[in-house]
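S.K.: Sharing a sequence plus its predicted fold:
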Amino acid sequence: MTPAAAILDAARAQGVMIATAESCTGGMVAVALTDIAGASDVIDRGFVTYTNAAKRDMLGVRAETLNAFGAVSEQVAREMAEGALSRSGATLAVSITGIAGPGGSEFKPEGRVCFGLAMSGRDSLAETVDFGALGRGSVRAAARDHALGLLARALAA
């Protein structure tokens, strides 16, 4: 069984609906989940919020947070996940914002990705993973897989 199929089965068994909020992965987590037939009973929606304006408009990320910390930050990742949860019918949401490359800076290098997780009745969390300069496709795939792992752990808790 694939990780995505296991997530769907666990969500189904627990009556959990899932939403995704993605920036640098452009919807790859939603695709991984919805590639599986029958996903519609546990996947509510996916937000692709590539720009700061989209993060603000679609997810309610505060301009103050973006200005203070930048789009690639745990603070923004947390607000993205919480926004996806509050603006959907989901009870579990994961978010991704990062620098897939090429590029980056001394302070926010290529391969740095921030993740958020929000679930009804639980404290939200955020974390940063530095995947390194693996190349755009590899960073995006690693970020997708990490987000799937976050969903799986949330459903196992």
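M.R.: Perfect, I can see it now.

S.K.: end-to-end on stretch 53-67?
M.R.: 12 Å (CA to CA, to the nearest Å).

S.K.: Residues in contact with that stretch: which ones?
M.R.: Around stretch 53-67, the neighbours that count as contacts under CB atoms under 8 Å, 6 or more residues apart in numbering are 21, 23, 47-49, 52, 71, 73, 75-76, 79-80, 82-84, 86-87, 97. From N, CA and C alone the C-beta is placed, and that goes for glycine too.

S.K.: mind running it again at 6 Å?
M.R.: 21, 47, 49, 52, 75-76, 79-80, 83 (CB atoms under 6 Å, 6 or more residues apart in numbering).

S.K.: where does it sit relative to the chain's centre, distance-wise?
M.R.: Mean-position distance between stretch 53-67 and its chain equals 15 Å (CA atoms, centre = their mean, to the nearest Å).

S.K.: buried set for it?
M.R.: 55-56, 58-59, 61, 65-66 (16 or more other CB atoms under 10 Å).

S.K.: In strands, which of the contacts of stretch 53-67 appear?
M.R.: Within those, residues falling in strands by DSSP state E are 21, 47.

S.K.: Redo the contacts of stretch 53-67 as JSON lines? Include neighbour count.
M.R.: As requested, the contacts of stretch 53-67 are arranged in JSON lines below (neighbours: other CB atoms under 10 Å):
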{"residue": "21", "neighbour count": "34"}
{"residue": "47", "neighbour count": "22"}
{"residue": "49", "neighbour count": "25"}
{"residue": "52", "neighbour count": "16"}
{"residue": "75", "neighbour count": "18"}
{"residue": "76", "neighbour count": "27"}
{"residue": "79", "neighbour count": "27"}
{"residue": "80", "neighbour count": "33"}
{"residue": "83", "neighbour count": "25"}
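
S.K.: centroid residue for this structure?
M.R.: Geometric centre of the chain, nearest residue: residue 95, 2.0 Å, by CA atoms, centre = their mean.

S.K.: sorry, back to before: what is the most widely separated pair among the contacts of stretch 53-67?
M.R.: 47 and 75 (17.5 Å; CB to CB).

S.K.: any idea where the strands of this structure begin and end?
M.R.: 18-22, 43-48, 92-98, 112-119, 125-130.

S.K.: For the longest helix anywhere in the chain, enumerate the helices and strands it packs against.
M.R.: Across the chain, the longest stretch assigned as helix under DSSP state H is helix 136-156. When contacts are defined as 3 or more CB pairs under 6 Å, 6 or more residues apart in numbering; DSSP states H and E, helix 136-156 sits against helix 3-14, helix 28-34, strand 92-98, strand 112-119.
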